[in-house]
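# A structural model of the following input is requested.
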Amino acid sequence: MESILNLISEHREMIYFVLLSVFVGIEVIGGVPTVLHTPLMSGANAIHGVVIVGAIYVMLNVDPTDYLALALGFLAVLLGTLNVVGGFVVTDRMLEMFKKK
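Residues are numbered from 1 along each chain as shown. Modelled structure (predicted):
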């Protein structure tokens with residue numbers, strides 16, 4: 001328990017930053033009209049390509065015996081890839097709605 005309290009006290013600024021980011025994100029997303037939510041989110045999902053590149057870069061610089069870091073990096077690459085593909089699928093579906101028949 002004491003180690004958890006020490007970790008929190010050492011990273012207090014980072015915790016405040018993450019909490020503030022969560023609240024700002026909720027306010028920004030809450031202000032978007034429902035009609036625009038899907039196009040904006042499908043475009044934002046494509047930005048997760050940065051997550052994929054970052055995860056691959058980190059995995060290349062990790063000690064090969066650090067299995068936890070490798071597993072987390074693999075999970076980041078996998079989830080980032082799913083998010084990018086999902087964003088493009090949603091965008092493609094929306095664009096098909098506007099095509100002439």
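
# quick one: the residue at minimal distance from the centre of the chain from Tyr67, how far?
Among the residues of the chain, the one closest to the centroid is His48, at 6.0 Å (C-alpha atoms, centre = their mean). Separation of His48 from Tyr67 (C-beta to C-beta, to the nearest Å): 24 Å. For glycine as for every other residue, the C-beta is placed from the backbone atoms N, C-alpha and C.

# next one: phi and psi at the residue nearest to the centre of the chain?
Backbone torsions for His48, taken as degrees, to the nearest 10, come to phi -70, psi 0.

# care to break the protein down by domain?
With automatic domain parsing as the criterion, the domains of the chain are listed as 1-31, 34-101.

# now tabulate these in TSV and tack on mean pLDDT.
Shown next, in TSV, are the domains of the chain (pLDDT from 0 to 100):
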stretch	mean pLDDT
domain 1-31	88
domain 34-101	81
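
# wait, the residue nearest to the centre of the chain sits on Asn83?
Yes - His48 is within contact range of Asn83, at 4.4 Å (criterion: C-beta atoms under 8 Å).

# which neighbours do these two have in common?
Residues touching both His48 and Asn83 (C-beta atoms under 8 Å, 6 or more residues apart in numbering): there are none.

# contact partners for the residue nearest to the centre of the chain?
Here His48 is in contact with Gly80, Asn83, Val84, Gly87 (C-beta under 8 Å, 6+ apart).

# what subset of those is buried?
The neighbour count (16 or more other C-beta atoms under 10 Å) marks Gly80, Asn83, Val84, Gly87 as buried among the contacts of His48.

# what about the second one, which helix or strand?
If I follow you right, that is Asn83. helix 67-97 (DSSP states H and E).

# what's the spacing between that helix and its chain's center?
In terms of C-alpha atoms, centre = their mean, to the nearest Å, the centre of helix 67-97 is set 9 Å apart from its chain centre.
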